[in-house]
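Undergrad: I'd like to go over a predicted model; first the sequence, then the structure.
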Amino acid sequence: MTPQIPESLKSEHAELHATLAAATRAGGRVGEAARRVAEVLHAHFVREEEVALPPLGLLEPLARGEVAPAMAGVLELTEALKAELPQMLEEHRHIRQAVAALAQAAEAEERPEYAEFARKLALHARTEEEVLYPAAVLVGEYLKLKLRG
């Protein structure tokens with residue numbers, strides 16, 4: 001059983017992608033900075049949608065006390081996330097740098113919509129580091145305990 005990424009997270013990622021795509025077409029320093037963000041962000045988003053976000057689809061059933069042997073399939077994802085977490089956090093460092101440059105360009109070119117986007121993207125990365133990644137790892141650890149006993 002491969003859990004599905006929670007719809008709220010899928011929607012948030014889609015919105016971030018759409019705004020970033022618009023920013024890359026903005027021209028000037030904003031467009032250039034947005035293209036840099038897209039370069040450092042794309043592969044990262046793909047990988048986190050493969051290993052980091054799907055385990056979160058089990059949070060609701062696990063919180064209701066529902067545990068099934070079929071959920072063991074998620075352990076491969078959570079183990080991959082644990083192994084790749086240092087690299088993912090390093091990628092966040094590069095993303096934050098690119099996002100800061102986008103924010104500066106947006107301020108300089110008086111494009112407040114892209115400055116706000118940069119703020120949202122930086123906050124999204126912090127939420128991943130502080131909440132989503134740890135929660136995904138805990139899903140795996142919890143399942144290991146529950147399925148073992």
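TA: Sure, I can see it. Not measured: the values here are computed from a predicted model. Numbering: from 1, shown residues only.

Undergrad: is residue 2 in a helix, a strand, or coil?
TA: The local conformation at residue 2, judged by DSSP: H, G, I helix; E, B strand; the rest coil, is coil.

Undergrad: what pLDDT does it get?
TA: Here the pLDDT value assigned to residue 2 is 75.

Undergrad: can you count the residues close to it?
TA: By the criterion of other Cβ atoms under 10 Å, residue 2 has 11 neighbours. Glycine gets a C-beta too; all of them are placed from N, C-alpha and C.

Undergrad: name all residues that make contact with it.
TA: By Cβ atoms under 8 Å, 6 or more residues apart in numbering, the contact list for residue 2 reads 54, 73-74, 77.

Undergrad: residues near residue 12, how many?
TA: 14.

Undergrad: in what helix or strand does it lie?
TA: helix 7-24 (DSSP states H and E).

Undergrad: what is that helix packed up against?
TA: Counting contacts by 3 or more Cβ pairs under 8 Å, 6 or more residues apart in numbering; DSSP states H and E, helix 7-24 is packed against helix 28-47, helix 112-127.

Undergrad: restricted to buried residues, select the contacts of residue 2 in ChimeraX.
TA: With 16 or more other Cβ atoms under 10 Å as the criterion, this ChimeraX line picks the buried residues out of the contacts of residue 2:
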select :54,74,77
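
Undergrad: just flag the most distant two among the contacts of residue 2.
TA: Largest separation among these by Cβ to Cβ: 54 and 73, giving 9.8 Å.

Undergrad: where does the prediction get shaky in this protein?
TA: Applying pLDDT under 70 to the chain picks out residues 1, 149.

Undergrad: which residues touch the helix holding residue 12?
TA: For helix 7-24, contacts defined as Cβ under 8 Å, 6+ apart pick out 30-31, 33-35, 37-38, 41, 45, 49, 53, 56, 102, 114, 117, 120-121, 124, 132.

Undergrad: residue 26 contacts residue 114, correct?
TA: Yes. Shown here, residue 26 and residue 114 form a contact pair, counting by Cβ atoms under 8 Å, at 6.7 Å.
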